[in-house]
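> structure of the sequence below:
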Amino acid sequence: KIDGIDVSDKYAKAEEDDYTEKEYLVYTIPRIFRGQHYISVTQDGFQELRDAYYVDGYDNSCDMTDQMLSRETMEKIDALAVTNMQIIYQAALNKQGFETIADLFTSDPEKLGDIESEYNDLVSRMNSEDYWVSSLDIQEITAESDAENPSSNLTFSCSGNCHRKNYSGEIEDQTGEADC
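Residues are numbered from 1 along each chain as shown. Now for the predicted structure:
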């Protein structure tokens, strides 16, 4: 909106940033009165962006790209992160291959390779010959997301049963709790 008036989509043109390769909309207003104007940008899942901008009659442009996620969107991201974390740990406990959970992550092949490696390390740590986890109960999960960076930091408590071979080869059962 400009000065509270909706701007028609006929002024919008999709462009791609050469550096980031992200697509964004550029609105070109062919004529506007000189002076102070109030611009607001709204988009589902984001907070409204508002700014006052002075048009001086020369080829002016206004860049409004710093839109932050809404509280509701951050809560949805947090809830999804909690669910996905439970799925990932359960899959690791059951020695499932990465392909069973790959859809939870990015489709970027380079990043996906790193994530697969981390997951395989988790499976190995939970299921080694000398130490393995037989049950895991994840509790008290809290997530905290950042409006500027759509990601969540998770903290949780867990309890479970582990088994370890001691130096003489005997299996010792362990039950415990941990904060992660």
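
> mind giving me the packing neighbours of the helix ranked longest in the chain?
Counting by DSSP state H, the longest helix found in the chain is helix 71-93. Helix 71-93 is packed against helix 109-126, strand 131-145, strand 152-165, with contacts defined by 3 or more Cβ pairs under 8 Å, 6 or more residues apart in numbering; DSSP states H and E. Just so you know, the C-beta spots here come from the backbone N, C-alpha and C atoms, and that holds for glycine as well.

> give me the neighbour count for the residue lying closest to residue 56 once chain neighbours are set aside.
Nearest residue to residue 56, sequence neighbours excluded (Cβ to Cβ, 6 or more residues apart in numbering): residue 34, at 6.3 Å. For residue 34, the count of nearby residues is 11 (other Cβ atoms under 10 Å).

> look up how far residue 60 lies from residue 34.
10 Å (Cβ to Cβ, to the nearest Å).

> how about residue 172?
Note on residue 172: its distance to residue 60, by Cβ to Cβ, is 73 Å.

> likewise residue 41?
17 Å.

> run a quick neighbour tally on residue 44.
Around residue 44 there are 7 residues (other Cβ under 10 Å).

> give me the contacts around stretch 86-94.
100-101, 104, 119, 122-123, 126-127, 133, 135-136, 138, 141 (Cβ atoms under 8 Å, 6 or more residues apart in numbering).

> coming back round to it: what about the helices and strands packed on helix 71-93, which gets the closest to residue 12?
Smallest distance to residue 12 across the helices and strands packed on helix 71-93 (Cβ to Cβ): 29.3 Å, for strand 131-145.

> quick one: low-confidence parts of the chain?
59, 139-140, 145-152, 154, 156-158, 166-167, 176-180 (pLDDT under 70).

> quick one: which of residue 172 and residue 60 has more around it?
Per other Cβ under 10 Å, whichever of residue 172 and residue 60 has more neighbours is residue 60, with 13 against 10.

> not counting its neighbours along the chain, what's nearest that one?
residue 53 (7.7 Å).

> residues near residue 69, how many?
Neighbours of residue 69 using other Cβ under 10 Å come to 19.

> again but with residue 121, I slipped
11.

> give me the distance between it and residue 160.
18 Å.

> what's the answer for residue 62, then?
Distance from residue 62 to residue 160, by Cβ to Cβ: 55 Å.

> more crowded one of these two?
residue 160 (18 against 15).

> surely residue 105 is in contact with residue 114?
No - taking Cβ atoms under 8 Å as the definition, residue 105 is not a contact partner of residue 114, at 9.9 Å.

> okay, those two: which has more neighbours?
Comparing residue 105 with residue 114 by other Cβ under 10 Å, the one with more neighbours is residue 105, at 16 against 12.
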